[in-house]
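> how would this look folded up:
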Amino acid sequence: MTRNDPIKHFFIWPALIIVLLISIFPLVYSLTTSFMSMRLVPPMPARFVGFGNYADLLSNPRFWHVAGTTTLIAFLSVGLQYLIGLSVALALNSRVPGEGIFRVGFLLPMLVAPVAVALVARQILNPTMGPLNELMTLFGFPNLPFLTRTSWALGSIIVVEVWQWTPFVILMLLAGLQTLPDDVYEAAALENATPWQQFRDITFPMLLPISTAVVFIRLIESYKIMDTVFVMTGGGPGVSTETLTLFAYQEGFKKFNLGYTSALSFLFLIFITVIGLVYLAVLKPYLEKHK
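From the prediction side, this is the model:
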């Protein structure tokens, strides 16, 4: 079969059309629904309200609160994931003893379902019967409200996120480190460059493209966090740890407010897109400088 043979279209187009229908139809339907007032329970006939749902959301303090909470969790957890991941990747790249065991051990958390991790974390951090508080009680410390006070609950969620997803950062950064050329470091050693100077002037700049990609991926994924929060705190105490996806779940699957939820989903999409564009725009000069 030649490249210009028309028979290829009989194989390509059916699959392409099916994929487009599966992906585009829900998107268009959801966009249309976002301009409607539509409830399933109690049943209400669909009514066109234009940008009414969007206006209600933007004037709702709860929306801005959950957006701020999601941003806080995303930036703090991803920042810690990168710092810890880079440190561990540098150590593994230096051929530490037992490197193979460490690599396998560090990957295990990433292979566990987030719901399972959250369930275990909820049991460990239980304010009254959790083993962590039991252990602290043995040493004379009071029970800590890991899941019942806002600051502690947010910290607990961030710690669980860091524990589970730092291995992904380690894996990606380690792969990037192992592609760096050795001759650059040999030349630096001849110039008597210290390890810190080599990291600052060689390793980190050359690792910047992969670092940018890793942080971007994790940032987008962290904004979609739901299962960990849902299992550990349910968005509580109150709605203090509620995230954007959990807010959408509450509106869509508990209140069955489909129009409002669709508008929330598209605002969420716009919000993430703006965050991503700003992030890439800020880093673009540095990426071009170190090409």
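> from here on, just use CA atoms for contacts and neighbour counts.
Fine.
> for this protein, what spans make up the strands?
36-39, 44-48 (DSSP state E).
> out of these, flag the one nearest Phe11.
Proximity to Phe11 (CA to CA) singles out strand 36-39 among the strands of the chain, at 38.8 Å.
> check which residues of stretch 19-31 are buried.
For stretch 19-31, the neighbour count (16 or more other CA atoms under 10 Å) marks Ser30, Leu31 as buried.
> need the CA coordinates for that stretch. CSV is fine.
Provided in CSV are the C-alpha atoms of stretch 19-31 (Å, rounded to 0.1, in the frame of the first residue of the first chain):
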residue,chain,number,x,y,z
VAL,A,19,-13.3,9.3,18.6
LEU,A,20,-14.5,12.7,17.7
LEU,A,21,-18.1,11.9,18.5
ILE,A,22,-17.2,10.3,21.8
SER,A,23,-15.1,13.4,22.9
ILE,A,24,-16.9,16.3,21.2
PHE,A,25,-20.5,15.4,21.8
PRO,A,26,-20.2,15.4,25.6
LEU,A,27,-18.2,18.6,25.5
VAL,A,28,-20.8,20.4,23.3
TYR,A,29,-23.7,19.0,25.3
SER,A,30,-22.1,20.1,28.6
LEU,A,31,-21.4,23.6,27.1
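> on that earlier part again, quick check: which of the strands of the chain is nearest to Leu76?
strand 36-39 (36.2 Å).
> number of nearby residues for the closest residue to Pro209 other than its chain neighbours?
Counting by CA to CA, 6 or more residues apart in numbering, Pro209 lies nearest to Leu287, which is 6.5 Å off, once chain neighbours are set aside. Around Leu287 there are 15 other residues, counting by other CA atoms under 10 Å.
> wait, doesn't Leu287 sit right on Leu208?
Yes. Between Leu287 and Leu208 there is a contact under CA atoms under 8 Å: 7.0 Å.
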